[in-house]
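Just the structure for this:
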Amino acid sequence: MSSPPLRVSIVEDDNTIRETLHSLFIFEEGMDCFSVHSNAEDAMLRLGEVCPDVIIMDINLPGASGIDCVRQLSQRCTGTQYLMYTVHDDDHRVFEALKAGANGYILKSSTPDQILEAVRELAQGGSPMSAHVARRVVQHFRPLQDRSSLSDVSLSEREHGVLELLAQGLLYKEIAERSGISVGTVKQHIHRIYDKLHVQNRTEAVNRFFGR
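Below you'll find the model as predicted:
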């Protein structure tokens, strides 16, 4: 029996972007556009009794901000994953969104494939972030890291190469093309990397990688 489609809601005030995202999820196999909202107030009013799996949330909305919306909805939609989708990458907005309950943070310059992969990664328990945003998070926490914690970790040459490409924000298929291996092999390498670094997702792996 096939799994039910991933239910995705969109909160975005720009008509063109909202319709583009709507079309993206309507035609993507295994996904369903659960609801579309042009502002935070509408999302907070209509969502709550039944919640989507993932909400793509713009930050700079008219009225209440996307950060305020996540803060409110996360109290009701506790099982929902929140992906901030914005042109902003300044430190204050990034960390305010994460503190409010966001699980991922990507920029509007992301490609459709990157958006889809971010949604899938969220649904699987990951914390996707655009490479530039991930690096800002890493730089923020870097002084607090124990740089000796990875001294006993041994990555193979291939795993090291895959990790570097992962840290650049590449999709699995892009890593496969760059490395001359299959997507399945990329996933195997990443699984072993996560085990060796004792992390659960891309963001944690990137954090430890840049924090050495």
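
Can you give the domain ranges for this structure?
Domain ranges of the chain: 6-128, 147-210, per automatic domain parsing.

Would you map the helices across the protein?
15-26, 40-46, 66-76, 91-100, 112-123, 131-141, 157-167, 172-179, 183-197, 202-210 (DSSP state H).

what's the second one packed up against?
The criterion is 3 or more CB pairs under 8 Å, 6 or more residues apart in numbering; DSSP states H and E, and the helices and strands that helix 40-46 contacts are strand 6-11, strand 31-37, helix 66-76. (C-beta placed from N, C-alpha, C; glycine too.)

from the domains of the chain, which stretch is densest packed?
Highest mean neighbour count among the domains of the chain (mean count of other CB atoms under 10 Å): domain 6-128, with a mean of 18.

Go ahead and flag the most central residue of the chain.
residue 128 (2.5 Å; CA atoms, centre = their mean).

I'd say that residue and residue 202 touch.
Yes. Contact criterion CB atoms under 8 Å: residue 128 and residue 202 qualify, at 6.5 Å.

which residues are in contact with both of those two?
Common contact partners of residue 128 and residue 202 (CB atoms under 8 Å, 6 or more residues apart in numbering): residue 121.

and residue 140, what pLDDT?
Listed pLDDT for residue 140 reads 62.

ok, now residue 182?
Looking at residue 182, the pLDDT reads 91.

again with residue 29
91.

ditto for residue 107
Value listed for residue 107 in the pLDDT field: 87.

again with residue 148
We have a pLDDT of 43 for residue 148.

low pLDDT regions in this structure?
1-2, 89-91, 132, 134-153, 209-212 (pLDDT under 70).

Please convert the helices and strands packed on helix 40-46 to TSV, extending it with distance to residue 46.
Rendered in TSV, the data for the helices and strands packed on helix 40-46 read as follows (distance: least, CB to CB, whole Å):
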stretch	distance to residue 46
strand 6-11	9
strand 31-37	7
helix 66-76	10
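
Those: which one's closest to residue 44?
The closest of those to residue 44 is helix 66-76. By CB to CB, the value is 5.3 Å.

so how far is residue 161 from the closest residue to residue 183 other than its chain neighbours?
Spatial nearest neighbour of residue 183, excluding adjacent residues (CB to CB, 6 or more residues apart in numbering): residue 176 at 4.7 Å. Per CB to CB, to the nearest Å, residue 176 is found 12 Å from residue 161.

Please enumerate the shared neighbours of those two.
Contacts common to residue 176 and residue 161, judged by CB under 8 Å, 6+ apart, are absent.

my guess is the residue nearest to residue 183 meets residue 187, correct?
No. Assessed by CB under 8 Å, residue 176 is found out of contact with residue 187, at 9.2 Å.
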